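Chemist: Output the structure for:
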Amino acid sequence: MNIFELTSGDIQRCSIVLENGQTCYAVESNKLGNHTVIREGGREGRVLATIVRHGFKADTIQFEGSPSVSVGSWLKSGFLGLGRGLPASFNHIGRKYTWKHTDKDTIAVFASDSPHPIATYHKPPPYRLAKEGLTLSIHSHVEEGLKDLIVISLVDIEYSRRVKTVEQERDYSAAATYATLRA
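Modeler: Coordinates of the predicted model:
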C-alpha cells in the first residue's frame, strides 16, 4: 500500500508526497482557481493534465498530448448542481473505475469487477480545511497510469465537493440572516 499525504488543505495548490517525503505529484492553480495543472513529481515535472473551469460552460480537461475534452465526458458522475458528485467513474484500458463513498469522511476507487477498493481518500469534514488527516492510499499493485488518473480525478472531485460545501454554507448563512432580520 502506498500512502500519500497532501501538503495543503487546498486540493488545487498542494504537493502529494509519500510518507518518506518524496514528491510524487504537484497540483498548481492560478489565483482564480480556474486553471489547474497536475504534474508528475514536483513543480518542474511532466504535465499529466490541465483542468480549466469555465463557470457556466462545461469544465475541460487536457491530458498530456491529447486535445481538451469536457471533464464530464471523461469523469462521469452523479450531478450535484455545480460540479461532480459521487459516484464518479472513468475508464482506463477498457476497465471502469468508480469513486464511491465508503463512509462519511472516506471515498474509495473500485474497479468494476471487484468489491475491494484499490484506493481510498480520507477527506476532512467540511468544517476542517486544514491539511491534517488528508491522505490518499493506493494499493502498490496499481500501475502508474492508473495512479495518475486516480490523482487527477480526485483533484476534480474534491474541488467540486469543497465548492458545494462553501455554497451550502453561504446559503445557510443567508437564510439565517434573513430569519434574524424578519424577527
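
Chemist: Tell me the spatial nearest neighbour of S77, not counting adjacent residues.
Modeler: A88 (3.5 Å; Cβ to Cβ, 6 or more residues apart in numbering). C-beta coordinates here come from the backbone N, C-alpha and C atoms, glycine included.

Chemist: which residues does that neighbour contact?
Modeler: Contacts for A88 (Cβ atoms under 8 Å, 6 or more residues apart in numbering) come out as L75, K76, S77, G78, T98, W99, S153, I157.

Chemist: Report the lowest-confidence entry in the residues you listed.
Modeler: Across these, the smallest pLDDT goes to G78, namely 69.

Chemist: which intervals of this structure have sub-threshold pLDDT?
Modeler: 78-84, 124-133, 164-176, 178-183 (pLDDT under 70).

Chemist: what about the strands in it?
Modeler: Under the criterion DSSP state E, strands of the chain are mapped to 2-6, 14-18, 23-29, 35-40, 47-52, 60-63, 69-70, 76-79, 84-92, 95-103, 106-111, 117-122, 135-138.

Chemist: Please produce CSV containing those strands, extended by distance to T177.
Modeler: Output for the strands of the chain, formatted as CSV (distance: least, Cβ to Cβ, whole Å):
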stretch, distance to T177
strand 2-6, 34
strand 14-18, 33
strand 23-29, 31
strand 35-40, 32
strand 47-52, 34
strand 60-63, 36
strand 69-70, 36
strand 76-79, 29
strand 84-92, 28
strand 95-103, 31
strand 106-111, 32
strand 117-122, 34
strand 135-138, 37
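
Chemist: Among those strands, which comes closest to L146?
Modeler: strand 84-92 (5.4 Å; Cβ to Cβ).

Chemist: Parallel or antiparallel, list what pairs with that closest one.
Modeler: Using DSSP bridges, the strands paired with strand 84-92 in its sheet are strand 76-79 (antiparallel), strand 95-103 (antiparallel).

Chemist: From the chain's centroid, how far away is that strand?
Modeler: 11 Å (Cα atoms, centre = their mean, to the nearest Å).

Chemist: Report the angle between that strand and strand 106-111.
Modeler: Angle of strand 84-92 versus strand 106-111, following axes from the mean of the first three to the mean of the last three Cα atoms, to 10 degrees, is 30 degrees.
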